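# generate a structure from the sequence data that follows.
(chains A and B)
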Amino acid sequence: MSDFGSMLFVFVLATFIGLGVIRRVSRLLYTPLMSLTNAISAIAVVGSIVVTGADHPLTIRILGAVALFASMTNIVSGFMITDRMLKMFKKQ
Amino acid sequence: MHLIGELSAVVATALFIFALYWMNDPKTARHGVVAGVSGMLVAVLATWIQPEIIHHTWVVGAIAAGFLVGVPLSRVPLTAVPQRTALSHAFGGLAAGLVGAAEYFLWLGQRSGGAVTVEMTHFRMSALAAEVILGFLTFTGSLMAAGKLQEVRWIPQRPVTYPGQNVVNIGVLAIAVALGVAVALHPGAPWAGQAFLAIAALALIFGVLLIIPIGGADMPTVISILNAYAGLSAVAMGFVLDSKLLVTAGALDGSSGLILSIIMCRAMNRSFTNVLFGAFGKAQPAIAAGEQKEWKQETVEGAAQLLEQARNVVIIPGYGMAVAQAQHKVRELYDALTKRGIDVKFAIHPVAGRMPGHMNVLLAEANIPYSALVEMDEINPEMPQTDVALVVGANDVVNPAARYAKNTPIYGMPIIDADKAKTVLAVKRSKNPGFAGIDNELYVQDNTWMLFGDAKAVLGDLVKQFAGAGIHG
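Down below sits the predicted model:
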């Protein structure tokens, strides 16, 4: 198990990378950017899978299943609507 | 197995960063979606094949349900994208809150059973409390925002304020945080389970209280802030589950929300605290009631003539265009004008509409090339040389009062200099003031002509003028 320090380290570095990359995103694309980052942060799905699928008491697994459903909805609708919007941006 | 987990996390992280990197240009942006989907697949599969996952039907069932709801949600009309986005923040918050709660009660249960698998350190418990608070407040806050954007009947559109509101709001949050600290210090105390439930309940209540004083014009900022919260709740979940992948993806989401919030706040010349606690959009006393100038109304024929004689036209769209679904009529007008050799550009204010980038997406949907969409800072120097500025359902973002009227909420907000154009045509649904409740003196300027009516109908009539008998191109 990694310790508090290394997790914080990862968090700070990832935030700086995020700020650097997002700063350069085209202003035209802020709406699809938001749906894309939303889909990406639905990576929380990995946590939900463990809670739902492991050998836990029923109530815990129900909580996990609802969380898994919510994350999966974000992944599916987030990526699909991002692509749908991006297809519309044409040069001429 | 552990190695596969670590490697897949690194691959997924790299793919997510590439996904965002490719968003810097509309030409490469669709690669970003491919990268994002690939990263997600890698991460999900690597988790799923872990030997501890035994209830596969449960996982498949929940994933199938996610598809059932997610696919229709991705096909909403583009005018409904702000509420879909708010709803997805709500789902993100809900997932974080529920996983947090499940992790805690799992640990409590194991503890009484004697088979503790994870150690509940103070740090881990603090992260858990943060995850639950952020997750649940994002859940209800975003649901409220989505309701306001969808104009659900029992959610008031106008900001709801009452005396002592900020004290109540901060009080509720402070109690939740204090309980969080208490649970973090004594995670196994006999009262900790109840305290944990109370934290969740207070966070749910706080989310509602946070959004009810906020009006529609502030939605671009509020959606961005909720985006940042959703990201931070994923980060907290990463700390709890000891997952660097989650921490990284959450941090990317959080920093995106943060940057968008800052851009939106700057575009309104307001601070975070002012947006969250300032209740923008309350009815304001009309400015300088001195001499009341009259609107000058123009006919569709006259407006068409004005446009026809112009060399260059700048169209300034606002929320009114989205409400009236007028973007396709705008496109027809754009075609009619460009066919006559008139240079047509669109001036996009950062907070026009109900979420960041809202206008760009609507105009792109109507097949307007993105090279014609110009940011506020770039178009403003060109406004004095513009023959006709056509305002379509925009109001506060073109109100010259923002430059000097210190007693109005829009004071200091950068605006598109529509008033500097040689002639201004403004399409407006009614004679009511805009969201900020301030009279717009642009409409009574000497060189401004008003076209009253639904934007779609008015623009449709204008296009007919160009197509039909009225004007010979």
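# and the gap between residue A:49 and chain B?
For residue A:49, the distance to chain B equals 5 Å [CB to the nearest CB, to the nearest Å]. Any C-beta I mention is one placed from the backbone N, CA and C, and that applies to glycine too.
# for that residue, helix, strand, or coil?
The three-state assignment at residue A:49 reads helix, by DSSP: H, G, I helix; E, B strand; the rest coil.
# was I right to think it contacts residue A:65?
No: with contact defined as CB atoms under 8 Å, residue A:49 does not reach residue A:65; the gap is 10.1 Å.
# touching, residue B:310 and residue B:342? I think so.
Yes: with contact defined as CB under 8 Å, residue B:310 counts as touching residue B:342 (5.8 Å).
# those two - which one has more neighbours?
Between residue B:310 and residue B:342, counting by other CB atoms under 10 Å in any protein chain shown, residue B:310 is the more crowded of the two (23 against 19).
# helix/strand/coil for that one?
Going by three-state DSSP: residue B:310 is coil.
# run a quick neighbour tally on residue 67.
All of this refers to chain A. Residues within reach of residue A:67, counting by other CB under 10 Å, total 30.
# I was after chain B.
Residue B:67: 15 surrounding residues under other CB under 10 Å.
# how about it, nearest residue that isn't a chain neighbour?
residue A:76 (5.4 Å; CB to CB, 6 or more residues apart in numbering or on different chains).
# so that neighbour is in contact with residue B:68, correct?
No: counting by CB under 8 Å, residue B:68 is not a contact partner of residue A:76; they are 9.1 Å apart.
# more neighbours, those two?
Shown here are residue A:76 and residue B:68; by other CB under 10 Å, residue A:76 has more neighbours (22 against 14).
# tell me the pLDDT of the more buried one.
Among the per-residue scores, residue A:76 holds a pLDDT of 97.
# so residue B:196 makes contact with residue B:101?
Yes: using CB under 8 Å, residue B:196 is in contact with residue B:101, at 7.5 Å.
# assign residue B:424 to helix, strand or coil.
Here residue B:424 is recorded as strand under three-state DSSP.
# now it, nearest residue through space, not along the chain?
Taking CB to CB, 6+ apart, and ignoring the residues beside it in sequence, residue B:424 has residue B:448 as its nearest neighbour in space, at 4.1 Å.
# what's that neighbour in contact with, if anything?
B:296, B:419, B:423, B:424, B:425, B:426, B:442 (CB atoms under 8 Å, 6 or more residues apart in numbering or on different chains).
# give me the low-pLDDT residue ranges for chain A?
Residues of chain A that meet the criterion pLDDT under 70 lie in A:1-2, A:92.
# hmm, 80 instead?
Scanning chain A for pLDDT under 80 picks out A:1-3, A:90-92.
# please apply the same query to chain B.
For chain B (pLDDT under 80), the answer is B:1-2, B:111-120, B:157-158, B:215-217, B:272-294, B:407-409, B:430-439, B:468-473.
# regarding it, what is its longest helix?
Using DSSP state H, we find that the single longest helix of chain B is helix B:81-113.
# with chain A instead?
Longest helix in chain A, counting residues (DSSP H): helix A:58-88.
# any idea how far that helix is from the chain center?
9 Å (CA atoms, centre = their mean, to the nearest Å).
# what do you get for stretch B:230-246?
For stretch B:230-246, the distance to the chain centre is 23 Å (CA atoms, centre = their mean).
# okay, buried residues for it please.
B:230-241, B:243-246 (16 or more other CB atoms under 10 Å in any protein chain shown).
# one more: stretch B:61-74?
Within stretch B:61-74, the residues that qualify as buried by neighbour count (16+ other CB under 10 Å) are B:62, B:63, B:65, B:66, B:69, B:70, B:73, B:74.
# look up the closest residue to the fourth one, ignoring the ones flanking it.
Ranked by CB to CB, 6+ apart and with sequence neighbours excluded, the top spatial neighbour of residue B:66 is residue A:72, at 2.4 Å.
# that's a helix at residue B:314, yeah?
No: with three-state DSSP as the criterion, residue B:314 is strand rather than part of a helix.
# now do the contacts for it.
Neighbouring residues of residue B:314 by CB under 8 Å, 6+ apart: B:344-347, B:379, B:382-383, B:386, B:388-390, B:418, B:421.
# coming back round to it: would you list the contacts of residue B:448 in JSON lines and tack on neighbour count and distance to residue B:187?
Formatted as JSON lines, those follow (neighbours: other CB atoms under 10 Å in any protein chain shown; distance: CB to CB, whole Å):
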{"residue": "B:296", "neighbour count": "13", "distance to residue B:187": "70"}
{"residue": "B:419", "neighbour count": "19", "distance to residue B:187": "61"}
{"residue": "B:423", "neighbour count": "20", "distance to residue B:187": "69"}
{"residue": "B:424", "neighbour count": "25", "distance to residue B:187": "64"}
{"residue": "B:425", "neighbour count": "27", "distance to residue B:187": "65"}
{"residue": "B:426", "neighbour count": "25", "distance to residue B:187": "61"}
{"residue": "B:442", "neighbour count": "21", "distance to residue B:187": "59"}
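# pretty sure residue A:17 contacts residue B:18?
No: the criterion here is CB under 8 Å, and residue A:17 misses it with residue B:18 at 11.4 Å.
# how close does residue A:54 sit to residue A:20?
According to CB to CB, to the nearest Å, residue A:54 stands 37 Å off from residue A:20.
# which one of these two is surrounded by more residues?
Neighbours were counted for residue A:54 and for residue A:20 using other CB under 10 Å; residue A:54 has more, 19 against 13.
# how big is the angle separating the helix or strand that the longest helix of chain B is followed by from helix A:58-88?
Note on helix B:81-113: by DSSP states H and E, the next helix or strand toward the C-terminus is helix B:122-150. Relative orientation of helix B:122-150 versus helix A:58-88 (axes from the mean of the first three to the mean of the last three CA atoms, to 10 degrees): 50 degrees.
# run through the neighbouring helices and strands of helix B:122-150.
With contacts taken as 3 or more CB pairs under 8 Å, 6 or more residues apart in numbering or on different chains; DSSP states H and E, helix B:122-150 sits against helix B:81-113, helix B:165-185, helix B:192-211, helix B:219-241.
# report the angle between that helix and helix B:81-113.
Using the same axes, to 10 degrees: helix B:122-150 against helix B:81-113 is 150 degrees.
# distance from the chain centre to helix B:122-150, please.
Relative to the centre of its chain, helix B:122-150 is centred 17 Å away, using CA atoms, centre = their mean.
# now that helix: buried residues?
Neighbour-count burial for helix B:122-150 flags B:124-149 (criterion: 16+ other CB under 10 Å).
# can you give me the helices for the stretch 301-450 of chain B?
Ranges of helices in the stretch 301-450 of chain B, per DSSP state H, counting those that start in this stretch, are B:319-323, B:327-339, B:358-365, B:376-379.
# would CSV of the ones you listed with mean neighbour count be doable?
Below are these laid out as CSV (neighbours: other CB atoms under 10 Å in any protein chain shown):
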stretch, mean neighbour count
helix B:319-323, 24
helix B:327-339, 20
helix B:358-365, 26
helix B:376-379, 16
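# check contacts around the residue in chain A positioned nearest to chain B.
When distances are taken as CB to the nearest CB, chain A reaches nearest to chain B at residue A:72, 2.4 Å away. The contact partners of residue A:72, taken as CB under 8 Å, 6+ apart, are A:42, A:45, B:62, B:63, B:65, B:66, B:67, B:70.
# looking at those residues, which is nearest residue B:215?
Distances from residue B:215 to the contacts of residue A:72, taken as CB to CB, are shortest for residue A:42 (29.0 Å).
# I figured the closest one hits residue A:77, correct?
No: between residue A:42 and residue A:77 there is no contact under CB under 8 Å: 9.6 Å.
# grab the nearest non-local neighbour of residue A:53.
residue B:53 (3.7 Å).
# hmm, back to that, for the longest helix of chain A, buried residues please.
Within helix A:58-88, the residues scored as buried using 16+ other CB under 10 Å are A:60-86, A:88.
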